[in-house]
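Any chance you can model this:
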Amino acid sequence: MNSPDRRKRDRVDTDDGIAAPGDSKRRRLDYEDHDEHLGRIRERSLRRLSHVDYTVGWICALHIEMAAAEAMLDNIHASLPKDPNDSNTYTVGNIGHHNIVIASLPVNGYGTNNAATVANNMDRTFPSIRVRLMVGIGGGVPGKADVRLGDVVVSTEVVQYDMGKTVRDGLLHRTGIPRRPPPAVMTAVAKLRANHESKHSKIPSILSETFQRNPLMSQYARPSSLPDQLFDSGYDHVGSMDSCVGCEKSKLLERSPRSNETPKIHYGVVASGNQVMKHAKTRDRLARELDIICFEMEAAGLMDGFPCLVIRGICDYSDSHKNKRWQEYAAATAAAYAKELLSIIHPNETQTRSTVTTPSITGQALQDQRKALLDSLRFEQIDSRQVNIKAAHKKTCEWLLQHPDYVDWLDPTKFSQHNGFLWIKGKPGAGKSTLMKFAYSQAKKKTFQNGVIASFFFNARGDELEKSTAGMYRSLLLRLLERLPDLQEVLDIPDLVLRHQGPSFTWETQMLCNLFVEAIKRLGQRPLTCFIDALDECGEDQVRAMIEDFENLGQHSCETGTKLSICFSSRHYPHIDIQHGRQLILEDQVGHGQDLEKYVRNKLRAGTGEFVEDIRTEILQKAAGVFMWAVLVVAILNEEFSNGRIFAVKKRLQEIPAELSALFKNILTKDKKNMADLLLCIQWILYAKRPLKREEFYFAVVSGLEPEQAMVEWNPKYITTDAMNLFVLSSSKGLAEITRSKDHTVQFIHESALLQLEHSPSKDGMTARLEYGRDFAAHRGQTPLSWAAEEGHREIVQLLLDKGAEIDAKDNDGRTPLWWAARNGHKEIVLLLLEKGAEIDAKGNISRTPLSWAAGKGHKEIVQLLLDKGAEIDSKNINGWTPLSWAAANGHKEIVQLLLDKGARYG
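Below is the predicted model:
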């Protein structure tokens, strides 16, 4: 509550120069070149910018923090649309040259999880964020740092103090990893900190100017009538009132008075958690353990996905005497520091068309660094889907090149009509991927100098990267940076380089998107044309986020004259569209219908005559533009024709359903021959964790049909690749194929076949067949559960366990499924087996436990998991070796340290 004195005063002069609202002297912040560019800034604020123009993300937790942040803006910009799944509310504006987006947590939405949600939404809606700030209030820790109310704490490290597990004697063993702000931001902090060694902070002048411009914010001025009181840590607050009127003044600690009221700035560890710190002794204990100078509740939720600088104005001392009276002023001082910090960050360090290079790396070292990052973008199946799509039949697809929509899409003079986007939609099996591959190959032939043609074909039947936007961005970015090496400087980001050098680096989708956007903004007049196929084979949420990013990029490219053209293809459902793009419905195109007719005439081997012509006409009518349907039906009818069964052709064609999914089911159930082969074939393709190679598939199916034959050593002279190819075709009744990738994996001929089988009622019957073989012991005495655990097939492990497979069944050497999973590093399977009750210290014939094998093989996460679940840390094998012995012998330093920390004996 504000005191009457605070509300009535007109002006408070202090010797530090802070003036409250009402001061007639307007003190303006002296930015470099501020006056010269002020007119341009105001002019720019009148127009609506795009999402990619905003490079500074500013997150607050409370409405007072949001108000303080907004008051720091030089201009507030027009609002922008956001992702449908984005629940944030944004304020956009600028401070100097920096375009800033501000978001606040929902009301009463404190804590690390809510902060993470807000940050993720911001990154999705504003893909070009480079500088990230978490600005607001916090609780100070009096001690070595003379932290007082209204001071500012800037994070050098953030630690989540309440994350961990309870161990012996009820103690909390903290497992949260300390997180540091990004190096690029810390460089600016170091520069500002150095400035403050010889010059006063600009916080007072920033506040003075802010209050002058916002006279209604008087409550955000320093509360001069409220004393800054610090009580002894052993003395708790008295009474239920938030004021300390009833507290004993004798318990106040005496501190040396400061010469002025200028907020001091402290740098150190900020502790974050999901509960309010209101206990002084706990505060002091944690501060001693972790060197903490401030407590707050949100930052830990941000640091993994939204690495940021945390800036906190001190509003209390994290004790029971906590109240809200200093919160507004603390919010203002923190926001003012953030504004001062931004004033020394050069715009080039945040603008998406520029990146910050690592100054210490030049020449060959820089090239090696870039090459390492480029190589990490590659993945094994990066082109597999595109390679496996069969080429268009002769004289088909050519109509697309003359189609008005396609021609306009490639015409730079008409980009304003479609922002460079063309979307081809069609029914499942209509031939979209074949058409896209044709268009891509034709575009590559006609690429002019300095132009780049790139593609990505999503594949729902492939590995995770083949069906995710992360894989798409990696593929497109790799192609672009390899084709135009000068763009590789977008990789020269210190934070990215440092993270890449870490042991567990993975490319995050937003990071990839940001790099792709940045590279495109450096294209200049060099055109980039992308073909992105089968968006429906990627997760819908991912696609929607990607489309919004592309919409922003298309708008920016159109405004700047960048020649960016992107062609998508997908099914009609899920219904996703792009603004301002052209759309082409494949089955409605005359040229596509003519392609179907050419195919049927060329491939239906039935001779000539009126009867055959009627058959062709009926095929085309029932196909309704779906090429895959026509291909399958022509093959079925050709078999009837080849057997001389002309009389049966008409009847067979009438029996064939018109829907593609129904046709797949018809093919599967038409006859009952070799149903065991079919069921095993479908099971292995559906349930395998990764696509099986031709040889793996062959022996997997045969092991279920003829176990003894499967255990015989493979002789390629007798079981040839041709024989395996025929086996795949016959066992699947023509619905599976062998890919043309280097691994020659087995997959269904079309995504529609996979969907039909996944949602078919007959799937339960297929699964039921596992009842028979769930505990069948094969080579080495291993059960199917043991095999699946060894190879890392989590879904099959789950399936077998659900069917009652014996969880601790031992093979000939006494090894259990848990033993195999721990040895081979399959953490998810280890966790699943433990949750299902597997014996954690089960020993093989030489008395080695799962923990012993995990330690010896270097699987640190599994060692940690087993120890957390109570595994015996000093178990010995027949030679007396413990897990520590095996880890040390194999040079696994981190595991040795972990075991020692857990109390392993080493004597």
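
need the contact list for residue 486.
Contact partners of residue 486, counting by C-beta atoms under 8 Å, 6 or more residues apart in numbering, are residue 522. Using the backbone N, CA and C atoms, a C-beta is placed for each residue, glycine as well.

Would you map the helices across the stretch 51-200 of the chain?
63-72, 112-125, 183-198 (DSSP state H, counting those that start in this stretch).

Buried deepest among the ones you listed, which one?
helix 63-72 (a mean of 23; mean count of other C-beta atoms under 10 Å).

Identify, by residue count, the longest helix of the protein.
Using DSSP state H, we find that the single longest helix of the chain is helix 540-560.

Just list what that one packs against, helices and strands only.
helix 112-125, helix 415-418, helix 469-483, helix 509-520, strand 564-571 (3 or more C-beta pairs under 8 Å, 6 or more residues apart in numbering; DSSP states H and E).

As CSV, these with mean pLDDT would be great.
Shown next, in CSV, are the helices and strands packed on helix 540-560 (pLDDT from 0 to 100):
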stretch, mean pLDDT
helix 112-125, 79
helix 415-418, 90
helix 469-483, 95
helix 509-520, 88
strand 564-571, 94
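
need the contact list for the nearest residue to residue 592 once chain neighbours are set aside.
Residue nearest to residue 592 in three dimensions, not counting chain neighbours: residue 586, with 5.5 Å by C-beta to C-beta, 6 or more residues apart in numbering. Residues near residue 586 by C-beta under 8 Å, 6+ apart: 424, 425, 426, 427, 430, 431, 432, 435, 592, 625.

pLDDT score for residue 586?
Reported pLDDT at residue 586 in the predicted model: 94.

please renumber so the chain begins at 172
Sure thing, new numbering starts at 172, so read that last one as residue 757.

just to revisit the earlier point, can you say which of the helices of the stretch 222-371 of the chain is nearest to residue 494?
helix 234-243 (14.0 Å; C-beta to C-beta).

same for that closest one, what does it pack against?
Checking 3+ C-beta pairs under 8 Å, 6+ apart, helix 234-243 ends up next to strand 227-231, strand 261-266, strand 269-275, strand 302-311, helix 374-384, helix 498-515.

For that helix, give me every contacting residue.
For helix 234-243, contacts defined as C-beta under 8 Å, 6+ apart pick out 229, 231, 247, 262, 264, 266, 273, 275, 278, 306-308, 377, 381, 384-385, 388, 391, 498-499, 502-503, 505-507, 509-510.

I'd like to know which of the residues you listed are buried.
Buried members of the contacts of helix 234-243, scored by 16 or more other C-beta atoms under 10 Å, are 229, 231, 262, 264, 266, 273, 275, 306-308, 377, 381, 385, 388, 391, 498-499, 502-503, 505-507, 509-510.

I'd say residue 712 and residue 255 touch.
No: the pair residue 712 / residue 255 is not scored as a contact, 9.9 Å apart, by C-beta atoms under 8 Å.

Would you mind telling me which of these two has the busier surroundings?
The residue with more neighbours, out of residue 712 and residue 255, is residue 712; 13 against 10, by other C-beta atoms under 10 Å.

What count of nearby residues applies to the closest residue to the more buried one other than its chain neighbours?
Take residue 712 and drop its neighbours on the chain: the residue closest to it by C-beta to C-beta, 6+ apart is residue 256, 6.8 Å away. Residue 256 has 13 neighbours, counted by other C-beta under 10 Å.

same check, this time on residue 1023
31.

okay, it: pLDDT?
The model reports residue 1023 with a pLDDT of 92.

Spatially, what comes nearest to it if we skip its sequence neighbours?
residue 1054 (4.8 Å).

Ramachandran angles for that neighbour?
phi -50, psi -40 (degrees, to the nearest 10).

for it, what are its contacts?
Residue 1054 sits next to 1020, 1022, 1023, 1025, 1026, 1027, 1034, 1044, 1045, 1046, 1070, 1075 when contact means C-beta under 8 Å, 6+ apart.

Just the buried ones from these?
Buried members of these, scored by 16+ other C-beta under 10 Å, are 1020, 1022, 1023, 1025, 1026, 1027, 1034, 1044, 1046, 1070, 1075.

need the residues you listed in a markdown table with secondary structure and distance to residue 492, can you?
A markdown table is the format used below for the buried ones among the contacts of residue 1054 (DSSP: H, G, I helix; E, B strand; the rest coil; distance: C-beta to C-beta, whole Å):
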| residue | secondary structure | distance to residue 492 |
| --- | --- | --- |
| 1020 | coil | 53 |
| 1022 | helix | 49 |
| 1023 | helix | 54 |
| 1025 | helix | 50 |
| 1026 | helix | 50 |
| 1027 | helix | 55 |
| 1034 | helix | 45 |
| 1044 | coil | 45 |
| 1046 | coil | 52 |
| 1070 | helix | 45 |
| 1075 | coil | 45 |
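
Show me which of those is closest to residue 730.
Nearest member of the buried ones among the contacts of residue 1054 to residue 730, counting by C-beta to C-beta, is residue 1034, at 54.1 Å.

Hmm, residue 1069 and the closest one touching each other?
Yes: at 6.2 Å, residue 1034 counts as touching residue 1069 under the criterion of C-beta under 8 Å.

which one of the helices and strands packed on helix 234-243 lies closest to residue 825?
Per C-beta to C-beta, nearest to residue 825 of the helices and strands packed on helix 234-243: strand 261-266, 59.6 Å.

what is the mean pLDDT for the closest one?
94.

what sits up against it?
Residues external to strand 261-266 that are found in contact with it (C-beta under 8 Å, 6+ apart): 212, 215-216, 220, 225, 227, 237, 240-241, 243-251, 253, 270-274, 293, 296, 510, 513-514.

same thing but 7 Å
Here strand 261-266 makes contact (C-beta atoms under 7 Å, 6 or more residues apart in numbering) with 212, 216, 225, 241, 243-248, 250-251, 271-274, 510, 513.

next one: stretch 1030-1047
For stretch 1030-1047, using C-beta under 7 Å, 6+ apart, the contacting residues are 336, 993, 996, 998, 1001-1002, 1005, 1011-1012, 1018, 1020-1023, 1025-1026, 1053-1054, 1065-1066, 1069-1070, 1073-1076.

repeat that for 8 Å
Stretch 1030-1047 is contacted by residues 336, 993, 996, 998, 1001-1002, 1005, 1011-1012, 1014, 1018, 1020-1023, 1025-1026, 1053-1055, 1058, 1063, 1065-1066, 1069-1070, 1073-1076 when judged by C-beta under 8 Å, 6+ apart.

Just give the nearest non-adjacent residue to residue 915, would you?
residue 865 is the one closest to residue 915 (C-beta to C-beta, 6+ apart), at 4.6 Å.

so the one you found touches residue 909, yeah?
Yes: the criterion here is C-beta under 8 Å, and residue 865 meets it with residue 909 at 5.4 Å.

Find residues that contact each of the two.
Counting by C-beta under 8 Å, 6+ apart, the contacts common to residue 865 and residue 909 are 896, 899, 915, 916, 917.

Closest one of those to residue 471?
Nearest to residue 471 among the shared contacts of residue 865 and residue 909: residue 916, at 42.2 Å, using C-beta to C-beta.

so that closest one touches residue 908, yeah?
No: with contact defined as C-beta under 8 Å, residue 916 does not reach residue 908; the gap is 9.7 Å.

Those two - which one has more neighbours?
Using other C-beta under 10 Å as the criterion, residue 916 and residue 908 rank with residue 916 on top: 24 against 18.
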